[in-house]
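# what would the 3D arrangement of this be:
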Amino acid sequence: MQILFLGGVDEVTGSCFLIKTSRGKLLIDCGMFQGEKEEAKHNFDQFSFDPKSLDAVLVTHAHVDHTGRLPLLVKEGFGGLVYFTPPTKTVAMLILEDAQRVMAENAEKHGDKILYLPEDISRLKTRSRGINYHTEFEPIPGIKAMFHNAGHILGSAYLSLDIPAEEMTSGQATRFIFSGDIGNDAVPILPETEPIDHADYVIVESTYGNREHEPVAVRQEKLQEMISKVIGRGGSLLIPAFSVERTQELLYALDELFDQKKLPKVPIYLDSPLAIHTTEAYRQYKDYLQFDRKILSSPDADFFSFPNLKLTLTQQESKTINNDHRPKIIIAGSGMMTGGRILHHLKRYLNDEKSGLLIIGYQAEGTLGRRIFDGASKVMIYGDEVDVRASVEAIGAFSAHGDRNKLARWLVPKSGEVKKIFLVHGEEVVKVDFKSFLQDKVSSEVIIPKFAENFEF
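As a prediction, the model looks like this:
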């Protein structure tokens, strides 16, 4: 059995791992490379394998850096099945349809290339299967797989693969774990990440492998402080938010502030069609959620809405925000500020000393969000130089990723020991720091694989 590391290796995005056995080939995730043009151009690179040769694809969760190239697989001849948890399947299709719409708009406006067409997504849907947590299935005869709750976003999973003895050079049946993305501690709307029962090898993300988040209890306090400060001085608060999970956690937090009568009576705009549609999916799959308060007994009996929340689905509705000169809160994508409606608001408000920018998600290297987060005094937006005069703050406790302490705890299984741990999905310096941190926490050998590196087991 072999694992080929084809994405999420030398960077945070583009998750893709190829499993080769004598019984067939599996792909774990097939994500987009995110960032600005230099990073995103890799999405058009040829696959390092023939999509027709794959027997199945297993998807850990819906985020575009884990799903964004799935329609391209189908476009290039993949004929097998794609397995998700049911919520992941629903949300992934919303994300893919939104990504294709954005590509089509950019093609029309700027002549950009289009990665795939709507009909490729339609064909992908016919090949997609929803499998619940803790339900064993065989994507290839004799190879047993199972989804376990990762606590990262709605429907997110880490994956266990049980490989029979005859496929292993050791001659022993072996369990591999692929983490996908592991959730933060005490997420107010999700169950906790399930512990690993046992594992021989673990492929684990390391996005926040070199840092520790603030206590989750701090998030509500810091959110209220930022809102009060910006609104109190007559400014507008911009919150770039990932449409899946971060937006819903933020709405849930704002709903709680409203119930406690701590939310100022100002307009709050949710300016993201994808976030609006995804929030409906969260309502649809509410049985997969777990709340930290009795939300259905709150005054509005809803977990993601409150009276001063305004949804702007269409471009025309979005443009009306510019006509509102009152203090306000604007929640818009994209979360890393690489595109979407947030750019229009940044261009308008970033040079306003009264306004503020609140960062609540990871900002990958090479993105506009990362440059602002790192303290740039000027940035380019739509070809124009914009001064950064608005106050910029971040709340790490809103992160959907576990920090190094959470990851280290998760890497210790209930029984037995992990032989080898492979660090992926992290910047190089972060993975090196995390490897050093783990030396005192686990007895496993820790490996940092390179892109296209092949390991035989």
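# now find how far off-centre stretch 295-315 is within its chain.
Its chain's average C-alpha position is 23 Å from that of stretch 295-315, according to Cα atoms, centre = their mean, to the nearest Å.
# look at the spatially closest residue to residue 170 that is not a sequence neighbour and report its pLDDT.
Excluding its sequence neighbours, the residue lying closest to residue 170 (Cβ to Cβ, 6 or more residues apart in numbering) is residue 457, at 7.7 Å. All C-beta atoms are positioned from the backbone trio N, CA, C, and that covers glycine. pLDDT recorded at residue 457 is 97.
# go on, residue 186?
pLDDT recorded at residue 186 is 87.
# residues in contact with residue 145?
For residue 145, the contacting residues are 58, 83, 136, 137, 138, 139, 159, 160, 161, 162, by Cβ atoms under 8 Å, 6 or more residues apart in numbering.
# could you redo the last one with a cut-off of 6 Å?
Residues near residue 145 by Cβ atoms under 6 Å, 6 or more residues apart in numbering: 137, 139, 161.
# that one belongs to a strand?
Yes. Residue 145: assigned to a strand according to DSSP: H, G, I helix; E, B strand; the rest coil.
# hang on, the earlier thing: of the contacts of residue 145, closest to residue 125?
Closest to residue 125 out of these is residue 139 (18.0 Å), distances taken as Cβ to Cβ.
# gap between the closest one and residue 146?
11 Å (Cβ to Cβ, to the nearest Å).
# comparing these two, which residue is more hemmed in?
A side-by-side neighbour count of residue 139 and residue 146, using other Cβ atoms under 10 Å, places residue 139 first with 22 against 18.
# nearest spatial neighbour of that one, skipping sequence neighbours?
Closest residue to residue 139 apart from its sequence neighbours, by Cβ to Cβ, 6+ apart: residue 56 at 3.7 Å.
# and which of the contacts of residue 145 is nearest residue 92?
Of all the contacts of residue 145, residue 139 has the smallest distance to residue 92: 17.0 Å, by Cβ to Cβ.
# residue contacts, the closest one?
Going by Cβ under 6 Å, 6+ apart, residue 139 touches 26, 56, 145.
# mind doing that once more with 10 Å?
19, 24, 26-27, 55-58, 80-83, 129, 131, 145, 161 (Cβ atoms under 10 Å, 6 or more residues apart in numbering).
# can you check residue 353 too?
Neighbour list for residue 353: 233, 235, 387, 389, 390, 391 [criterion: Cβ under 10 Å, 6+ apart].
# skipping its backbone neighbours, what lies nearest the second one in space?
What it means is residue 235. Using Cβ to Cβ, 6+ apart, the closest residue to residue 235 is residue 354 (3.4 Å).
# contacting residues around that neighbour?
Each residue near residue 354 by Cβ under 10 Å, 6+ apart is listed here: 230, 231, 232, 233, 234, 235, 236, 327, 389, 390, 391.
# beta partners of the residue lying closest to the last one once chain neighbours are set aside?
Ranked by Cβ to Cβ, 6+ apart and with sequence neighbours excluded, the top spatial neighbour of residue 391 is residue 356, at 4.6 Å. Applying DSSP bridges to residue 356 yields these beta-bridge partners: residue 237, residue 391.
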